[in-house]
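In: Predicted model and sequence below, questions to follow.
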Amino acid sequence: MIELLLVVVLLSAIAGVAVPNFSQTYKRVVFRKSVDDLVYAMRYAQGRAVTKRRMHQLQFDAQHSKYWIAQRTKDSTEDKPVFEPIASRRGRMMAVPEGVRVEGSHPTINFYPDGKIEKVRIYMTLEEQTFTISSMEQRGQVHLLDFKLEGS
């Protein structure tokens, strides 16, 4: 009986140490997935703009907590472009997980039919870890860096 009680106490101590670490690990996994989802959405918008031969945008809400892909409508004009969410899974609103801070200088990112992307940097931060999503380093490419890239 004492041996059984000792095993239960040891397992409880191990579980008490492991549970907080699991929670932090899960948070980091969800954060990394949200970063990857945003990069994928940008690459998808670029590819779709080229194949549909129509300008697309990645649009953020005011707090940068949600984003979606929109395409330019056929009846919009050059001086007054009008965009509507695309009719696919990627057109729905994607939410950034709670606790993740998204910083960017533009509320929209333009993707052109010739494959060009508006030059931007987006920073996604969770606690002390920051990722940089950039279209500034190489023309027509979306890069993911696992650190905060500063400067022009």
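Out: Okay, I see it.

In: From residue 44, how far out is the most centrally placed residue in the chain?
Out: The residue lying closest to the centre of the chain (C-alpha atoms, centre = their mean) is residue 38, at 2.7 Å. Using C-beta to C-beta, to the nearest Å, residue 38 is found at 11 Å from residue 44. Using the backbone N, CA and C atoms, a C-beta is placed for each residue, glycine as well.

In: So what's the gap between whichever strand or helix holds the residue nearest to the centre of the chain and the chain middle?
Out: Assigned by DSSP states H and E, residue 38 falls within helix 2-52. With C-alpha atoms, centre = their mean, to the nearest Å as the basis, helix 2-52 stands 16 Å off its chain's centre.

In: what do you get for stretch 104-124?
Out: Per C-alpha atoms, centre = their mean, the displacement of stretch 104-124 from the mean C-alpha position of its chain is 13 Å.

In: Need the CA coordinates for that stretch. CSV is fine.
Out: Extracted C-alpha coordinates of stretch 104-124, given in CSV (Å, rounded to 0.1, in the frame of the first residue of the first chain):
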residue,chain,number,x,y,z
GLY,A,104,1.7,46.6,-39.9
SER,A,105,1.7,50.0,-41.5
HIS,A,106,-1.1,49.2,-44.0
PRO,A,107,-4.7,48.1,-43.3
THR,A,108,-4.6,46.5,-46.8
ILE,A,109,-1.9,44.7,-48.9
ASN,A,110,-2.4,44.8,-52.7
PHE,A,111,-1.6,41.9,-54.9
TYR,A,112,-1.5,42.7,-58.7
PRO,A,113,-2.3,40.5,-61.7
ASP,A,114,1.3,40.7,-62.9
GLY,A,115,2.5,39.0,-59.6
LYS,A,116,3.7,42.1,-57.9
ILE,A,117,3.0,42.6,-54.2
GLU,A,118,2.8,45.9,-52.3
LYS,A,119,6.0,46.2,-50.3
VAL,A,120,5.1,45.7,-46.6
ARG,A,121,6.4,44.2,-43.4
ILE,A,122,4.1,42.7,-40.8
TYR,A,123,5.2,41.8,-37.3
MET,A,124,3.5,39.1,-35.3
